[in-house]
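Asker: Have a look at this prediction, sequence included:
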Amino acid sequence: MNVSQGAVHPVEAPPLQTEGAGNVPLPRVRMKDLQGMPGTVGGLALRVSQLLFAVVALSVMATTSDFPSVTAFCYLVAAAGFQSLWSLVLAILDGYALLVGRRLQNPRVVSLFAVGDGVTLAGALIAFFAGSTVTSTLTFAAACASAGITVLIGNDLGACGKNHCTEFETATAMAFLSWFTALPSFLLNFWSLASR
């Protein structure tokens, strides 16, 4: 039987380049700032839209007289309030970063959101990630709970005549829209954290 024998030809690894020509250190490669990341125009637009949708959900739900009687609606008001505050603070920070032309990944600027001494850049990015995670999760859970109660009141009980179904549906829709605009911020913060 004629079988060809495989041959292995060793390949040498290229030498590591720690310094460029003339002992000049090579520049660090940074991830591109994608629109939607903190400190970009897209990030500012996402934060402002999160803020607007959360404020509308909060104000519509809070203006109804019977929202305190349902725990899910109280939860929606609390989550929308928290989302509003978080989005407002980060929108202000994004606007500041755009006005002065600085990257938001600067540890001194980003560390405003981290608590504790000796915070590093990774710790500050974790604070962004944790804040976005908490607010998006709370908003989504509150919107889902409110949607369930709204469907129960409207479709199953048929009690829209004596309740504020339109306001409940509007507030729930605005909470979902706030979550939809928080989701890209969360994902881009996660990507920024994972790429460090």
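Answerer: Perfect, thanks for sending it.
Asker: Just name the shakiest helix or strand of this structure by mean pLDDT.
Answerer: helix 107-110 (a mean of 45; mean pLDDT, DSSP states H and E).
Asker: quick one, helices of the protein?
Answerer: Per DSSP state H, the chain carries helices over the ranges 41-62, 71-100, 107-110, 121-151, 165-194.
Asker: Burial check on the closest residue to Leu183 other than its chain neighbours, number of neighbours?
Answerer: Sequence neighbours aside, Ser136 is the residue nearest to Leu183 in space, at 6.1 Å (criterion: Cβ to Cβ, 6 or more residues apart in numbering). Where C-beta positions appear, they are placed from N, C-alpha and C, glycine not excepted. Residues near Ser136, counting by other Cβ atoms under 10 Å, number 25.
Asker: For Ser136, list the residues it contacts.
Answerer: 179, 182-183, 185-186 (Cβ atoms under 8 Å, 6 or more residues apart in numbering).
Asker: Which member of those residues is positioned nearest Val100?
Answerer: For these, the closest approach to Val100 (Cβ to Cβ) belongs to Ser185, at 20.9 Å.
Asker: Now do the nearest residue to Ala175 once chain neighbours are set aside: how many residues are near it, please.
Answerer: Distances taken as Cβ to Cβ, 6+ apart put Ala143 closest to Ala175, at 3.8 Å, once the chain neighbours are dropped. When counting by other Cβ under 10 Å, one arrives at 26 neighbours for Ala143.
Asker: Hmm, Phe180 and Ala143 touching each other?
Answerer: No - applying Cβ atoms under 8 Å, one finds Ala143 not in contact with Phe180, separated by 9.7 Å.
Asker: for the record, mean pLDDT for stretch 150-161?
Answerer: The average pLDDT for stretch 150-161 rounds to 83.
Asker: List the contacts of that stretch.
Answerer: By Cβ under 8 Å, 6+ apart, the list of residues contacting stretch 150-161 reads 163, 165, 168-169, 172.
Asker: What residues does Leu46 make contact with?
Answerer: Shown in contact with Leu46 (Cβ under 8 Å, 6+ apart): 36, 181-182, 184-185.
Asker: sorry, back to before: between the helices of the chain, which gets nearest to Glu12?
Answerer: That would be helix 165-194 among the helices of the chain, by Cβ to Cβ, at 32.5 Å.
Asker: quick one: buried residues of the closest one?
Answerer: Residues of helix 165-194 classed as buried by neighbour count (16 or more other Cβ atoms under 10 Å): 165, 167-186, 188-189, 192.
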